[in-house]
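3D, please:
(chains A and B)
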Protein chains: 2
Amino acid sequence: MKREESEPLQLGGGGEPRRADKAIGMAGHVLAPERWLVGKVMEALGSPPVAVELWDGRPVEPVPEDPVARVRLRDRGVLYRLLRNPDLHFGDDYARGRIEVAGDLTELIATVDWARQRRHGYGGGRPGVTARLYRARRNTLSGSQENIHHHYDLGNDFYRLWLDEDMVYTCAYFPHPETDLEGAQRAKMDHVARKVRVAEGDRVVEAGCGWGSLARHLAREYGCRVRAFNISSEQIAYARERAKAEGLDDRVEFIQDDYRNVTGTYDAFVSVGMLEHVGTDHYRDLGEVIDRCLTDHGRALIHSIGRNRPVGPMNPWIERRIFPGAYPPALSEMTEIFEPFAFSIQDVENLRLHYERTLQHWLERFDHHAEEVRQRFGERFERAWRLYLAGSIAAFRTGSLQLFQLVLTRPTDNQLPWTREYMYPGTAA
Amino acid sequence: MKREESEPLQLGGGGEPRRADKAIGMAGHVLAPERWLVGKVMEALGSPPVAVELWDGRPVEPVPEDPVARVRLRDRGVLYRLLRNPDLHFGDDYARGRIEVAGDLTELIATVDWARQRRHGYGGGRPGVTARLYRARRNTLSGSQENIHHHYDLGNDFYRLWLDEDMVYTCAYFPHPETDLEGAQRAKMDHVARKVRVAEGDRVVEAGCGWGSLARHLAREYGCRVRAFNISSEQIAYARERAKAEGLDDRVEFIQDDYRNVTGTYDAFVSVGMLEHVGTDHYRDLGEVIDRCLTDHGRALIHSIGRNRPVGPMNPWIERRIFPGAYPPALSEMTEIFEPFAFSIQDVENLRLHYERTLQHWLERFDHHAEEVRQRFGERFERAWRLYLAGSIAAFRTGSLQLFQLVLTRPTDNQLPWTREYMYPGTAA
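Residues are numbered from 1 along each chain as shown, chains lettered A, B, ... in the order given. Predicted coordinates for the structure are as follows:
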């Protein structure tokens, strides 16, 4: 994971340091305590191989020999904000351009996280305690509406710039590492379809359907009758339009409503990438919905970002600026969905590295359209979204985040496949 | 699941009822309140299609039209013991021959459980509450020794009568429903070996190794160096003897000690069928052992009977008479093994129906040797073990019990297989 020797570590204002060198006298002296302070912070972070420069352009000692990135704090305010709330203000000041990074942004974040893990152990802090104290923005019916609007109604045109052609905004499934994004998103939808064993004519309900790609896929490729719920108006409008264009509108119904209002009876329940927005307080509600709507031999699949243990709120910058109300649960927290209703867990799969790969594709495409994003949304937005994508890659790479797919059935259902080979269609059983 | 029409429902003393019929006057009158009481109990159980007769040989009304089995209580004491503690005394009085069953014992137990579920919901009672109040016989170092001795040191000759040739006393894995027991036990060992991705020369530690079949299999078929722990002296002696006979004693070391005393560093940790005896109080200890002994890229597998939710102690008759200290955990309880150490759950598989099938094979073989068991251990022992095997089949059939296999890795390990196809060697990826 070492930086390529050929990779330039140049800041935009790369000339400044030299000028600052000349005026070192008084300014350097004044900055000495702050330089010392940053040095101590880096030490507390486990001394990651990251070079830090203050606003005078001069480096904090000791300068690591082969830094993965060079970070410059552009004014004194940044430093004091970082000391107060590093996770929140790194994001905000990076987006505002008050923190500059030369080198690989993803690798910078991953490196700091690894160093912190080496020093403080995985996850850090006392697990569970902050998680219990913490309350994200409440995901009540109206709260969810507001939280989801914040993220998903940024405009379909924005997401179209860097998602795949089917607009799938969840972890893909790469049968091979080299599979392209379009292929991996289709493979994910097939993987999900196989896991819930859908057959022609099956009634399927989807909770949190995004732009409707999975619902359309299940109708088109498997002949299912799908009802798909989502509270994002922009996404629902897009989903309906595409279903109509594909002639699927007799088999797929898109409903702009909360998952708690799902009605009807279904052979399969699928929810891909919604649980992150449900909030642990409402996991039991979600279980109740599944319990209410699943047939005796029905299959339910939940696909969600998660964590190895409950370690409190996720990164506050992401929670406040990007994904209000989001929370990635540990398995112990997810059990609240199925244990009160005695659902039987048939299968859990962790696809962490598939999300790292998915995000790498997204960031690559995002970077390709960076100029367009800047022009339409402003530089601050563009920098914030790059940081969000890069930070997410880092989180899946370092194991701060997981991706779980769970399959549930009724407790008394004995119509189960004998092995899991059916999930792997290449299998010659 | 209905009884075959041709299947005789005859009790040993099949003639008695007629004689009792003649003397119905006073005796029938005296029994009327007790007959009414049993009728009420059957109603409370959800009116399963089971015929019950009292000690006068006359049936309790209403007699079901097509009963799966006929149960006779042979004296008044049985009835009052059953009213006091049905789960415990059904087992004890069945073993003592004071309860007689004509028909399929497994189907009888399953039918009563299904009826109870229909009436009272799955699992019954308030989940969690009794589980928290309950303490099985303590699995301290000395307590475990005593509990394990009770079950596993009955004598290898007893288990040899009805286990497979490799003496595997855990759930098998049937690639096809028709696979025979020997083949399914080998398939299970290969399934486990694949899940923990062992390679030639890998150091493997096994916690709770039974008669050593898996340890020998990993050494023989995969070239691993295995250290296997078990506190049952009979099993360890047998395991060592077979390893020596097979010329594997340079690669497999059997250690008569508690899992908490495992030392060393290993590429793989496996524990198949031990967790049931660990006790939830000690799950963190088990996690600590794994954390202490696993390499950075090590894989751990835990295979255990479990449940869909914590519903308190298991059947008290099994806990007291057959498996002291045993407790099948829900996933929420199992998280205590891995979350405190931030292990990453890679995979969970539920093999419930494989255990039903395994137990059917065992019961068939047990029945084949019933006369021998009776002669050597007495009729009470033979009846108790038949009930235990039949009841276990029923528990896996009705979903009262599950079988979970979990695979864990270190949180920061990125040397992970890209998909799970490697678990299915027939896969043409």
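
Pick out the least confidently modelled helix or strand of chain A, by mean pLDDT.
Across the helices and strands of chain A, mean confidence by mean pLDDT, DSSP states H and E is lowest for helix A:129-133: a mean of 38.

Kindly indicate whether A:Leu406 is helix, strand or coil.
On the three-state scheme (DSSP: H, G, I helix; E, B strand; the rest coil), A:Leu406 is labelled strand.

pLDDT wise, what is it at?
Per-residue pLDDT puts A:Leu406 at 98.

What about it, how many residues nearby?
Burial of A:Leu406, expressed as a neighbour count using other CB atoms under 10 Å in any protein chain shown, amounts to 26. Any C-beta I mention is one placed from the backbone N, CA and C, and that applies to glycine too.

what bridges to it?
A:Leu406 has the following beta-bridge partners by DSSP bridges: A:Ile302, A:Val348.

got it, and A:Arg225?
As for beta bridges, A:Arg225 partners with A:Arg203 under DSSP bridges.

if I pick it, what's in contact with it?
A:Arg225 makes contacts with A:201-204, A:219, A:251-252, as judged by CB atoms under 8 Å, 6 or more residues apart in numbering or on different chains.

Relative to chain B, how far out is it?
A:Arg225 is 28 Å from chain B, where distance means CB to the nearest CB, to the nearest Å.

for chain A, which spans come out with low pLDDT?
Per-residue confidence of chain A (counting by pLDDT under 70) places the weak regions at A:1-30, A:122-153, A:427-429.

need the strands for chain A, in chain order.
Under the criterion DSSP state E, strands of chain A are mapped to A:50-53, A:69-73, A:99-103, A:203-207, A:225-230, A:252-256, A:266-272, A:294-306, A:344-350, A:402-409.

Quick one: those strands as a markdown table, columns for distance to B:Arg186 too.
Putting those into a markdown table (distance: least, CB to CB, whole Å) gives the following:
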| stretch | distance to B:Arg186 |
| --- | --- |
| strand A:50-53 | 52 |
| strand A:69-73 | 52 |
| strand A:99-103 | 53 |
| strand A:203-207 | 39 |
| strand A:225-230 | 43 |
| strand A:252-256 | 47 |
| strand A:266-272 | 35 |
| strand A:294-306 | 30 |
| strand A:344-350 | 23 |
| strand A:402-409 | 27 |
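
Which one of those strands lies nearest to B:Asp157?
strand A:344-350 (37.1 Å; CB to CB).

what angle do the closest one and strand B:402-409 make?
The directions of strand A:344-350 and strand B:402-409 differ by 10 degrees, with axes from the mean of the first three to the mean of the last three CA atoms, to 10 degrees as the criterion.

Contacts for strand A:344-350, please.
For strand A:344-350, the external contacting residues (CB under 8 Å, 6+ apart) are A:195, A:331, A:338, A:402-411, A:413, A:416, A:420, B:308, B:331, B:344-350, B:352, B:399, B:402, B:404, B:420.

7 Å instead?
Where contact means CB atoms under 7 Å, 6 or more residues apart in numbering or on different chains, the residues beyond strand A:344-350 that reach it are A:195, A:338, A:402-409, A:411, A:416, A:420, B:308, B:331, B:344-350, B:399, B:402, B:420.

How about the residues of the stretch 301-429 of chain A by chain B?
With CB under 7 Å from any CB of the partner chain as the criterion, the stretch 301-429 of chain A meets chain B at residues A:308-309, A:330-332, A:335, A:339, A:342-350, A:353, A:397-399, A:402, A:411-412, A:414, A:416, A:418-421, A:424, A:426-429.

For PyMOL, write the selection for the buried entries among the residues you listed.
Buried members of those, defined by 16 or more other CB atoms under 10 Å in any protein chain shown, are picked up in PyMOL with:
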select buried, chain A and resi 308+309+330+331+332+335+339+342+343+344+345+346+347+348+349+350+353+397+398+399+402+411+412+416+418+419+420+421+424+427
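
So which of the residues of the stretch 301-429 of chain A next to chain B belong to helices?
Using DSSP state H, the members of these that fall within helices are A:331-332, A:335, A:353, A:397-398.

Going along the chain, name the helices of the stretch 51-200 of chain A.
In order along the chain, the stretch 51-200 of chain A carries the following helices (DSSP state H, counting those that start in this stretch): A:76-84, A:86-95, A:105-120, A:129-133, A:141-152, A:156-160, A:181-195.

Please save the CA atoms from the first one in PDB.
The C-alpha atoms that make up helix A:76-84 are tabulated as PDB, following Å, rounded to 0.1, in the frame of the first residue of the first chain:
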ATOM      1  CA  ARG A  76      -4.700  28.500  12.800                       C
ATOM      2  CA  GLY A  77      -8.500  28.100  13.100                       C
ATOM      3  CA  VAL A  78      -8.300  24.800  11.300                       C
ATOM      4  CA  LEU A  79      -5.900  23.400  13.900                       C
ATOM      5  CA  TYR A  80      -8.100  24.400  16.900                       C
ATOM      6  CA  ARG A  81     -11.200  23.100  15.200                       C
ATOM      7  CA  LEU A  82      -9.400  19.800  14.600                       C
ATOM      8  CA  LEU A  83      -8.400  19.600  18.200                       C
ATOM      9  CA  ARG A  84     -12.000  20.200  19.300                       C
END
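
Tell me the gap between that helix and the middle of its chain.
27 Å (CA atoms, centre = their mean, to the nearest Å).

Just the buried residues of it, please?
For helix A:76-84, by 16+ other CB under 10 Å, it's A:78-79, A:81-82.

For A:Met274, see how far away the closest residue to chain B within the stretch 151-300 of chain A is.
Sorted by distance to chain B under CB to the nearest CB, the residues of the stretch 151-300 of chain A start with A:Pro177, at 5.9 Å. As defined by CB to CB, to the nearest Å, A:Pro177 lies at a distance of 27 Å from A:Met274.

before we move on, what about A:Val373?
Applying CB to CB to A:Val373 and A:Met274 gives a distance of 26 Å.

List just the nearest of the buried residues of helix A:76-84 to chain B.
When the buried residues of helix A:76-84 are compared for distance to chain B (CB to the nearest CB), A:Leu82 wins out at 25.1 Å.

residues contacting that closest one?
The contact partners of A:Leu82, by CB under 7 Å, 6+ apart, come to A:89-90.

try A:Pro59
When contacts are counted by CB under 7 Å, 6+ apart, A:Pro59 is found next to A:51-53.
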